[in-house]
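Chemist: Curious how this folds, go ahead:
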Amino acid sequence: MCLYKQSNNLPLAYKNTKIAYLSEDQLNAITQEFMDYYDKSDKNYRKKRGRYWIAFLFLKHSGARLNEVLSIDDNTDIDFRNSGSGY
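Modeler: Take a look at the predicted model:
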């Protein structure tokens with residue numbers, strides 16, 4: 001599926017730019033690579049790689065932009081008490 005950007009605010013080079021999306025197979029391959037990267041980490045890198053894994057999952061499932069995901073502060077932006085997750 002491809003969409004075309006239609007905006008008067010974009011420079012001429014970006015107007016009507018074709019956006020290519022990942023196929024389901026490509027997305028599954030990237031997901032598997034992230035899982036393997038996290039699972040193969042030793043204890044010294046597990047927390048850092050876990051953050052990469054969570055950021056990837058946010059991007060994959062939320063449709064948020066990268067800067068939106070990276071600016072999430074888990075201490076203030078996520079309500080674990082009322083989330084219904086049991087934490």
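Chemist: Flag every buried residue along the strand or helix carrying Phe58.
Modeler: Using DSSP states H and E, Phe58 falls within helix 46-62. Neighbour-count burial for helix 46-62 flags Arg49, Trp53, Ala55, Phe56, Phe58 (criterion: 16 or more other C-beta atoms under 10 Å). Any C-beta I mention is one placed from the backbone N, CA and C, and that applies to glycine too.
Chemist: all strands for the protein, in order.
Modeler: 2-4, 18-20 (DSSP state E).
Chemist: so for the helix holding Phe58, what's the average pLDDT?
Modeler: On average, the pLDDT along helix 46-62 is 90.
Chemist: What of stretch 65-73?
Modeler: Mean pLDDT, computed over stretch 65-73, is 90.
Chemist: quick one: contacts of it?
Modeler: By C-beta atoms under 8 Å, 6 or more residues apart in numbering, the list of residues contacting stretch 65-73 from outside reads Ala55, Phe58, Leu59, Ser62, Ile78.
Chemist: try stretch 33-50
Modeler: Stretch 33-50 is contacted from outside by Tyr52, Trp53, Phe56, using C-beta under 8 Å, 6+ apart.
Chemist: How far away from the center of its chain is stretch 19-39?
Modeler: Taking C-alpha atoms, centre = their mean, to the nearest Å, one finds the center of stretch 19-39 at 11 Å from the center of the full chain.
Chemist: So for it, what gets flagged as buried?
Modeler: Phe34, Tyr38.
Chemist: Give me the average confidence score over it.
Modeler: Stretch 19-39 comes out at a mean pLDDT of 92.
Chemist: Spatially nearest residue to the residue nearest the centre of the chain (excluding sequence neighbours)?
Modeler: Nearest residue to the geometric centre of the chain (C-alpha atoms, centre = their mean): Leu59, 1.9 Å. Of all residues not flanking Leu59 in the chain, Val69 sits nearest, at 5.6 Å (C-beta to C-beta, 6 or more residues apart in numbering).
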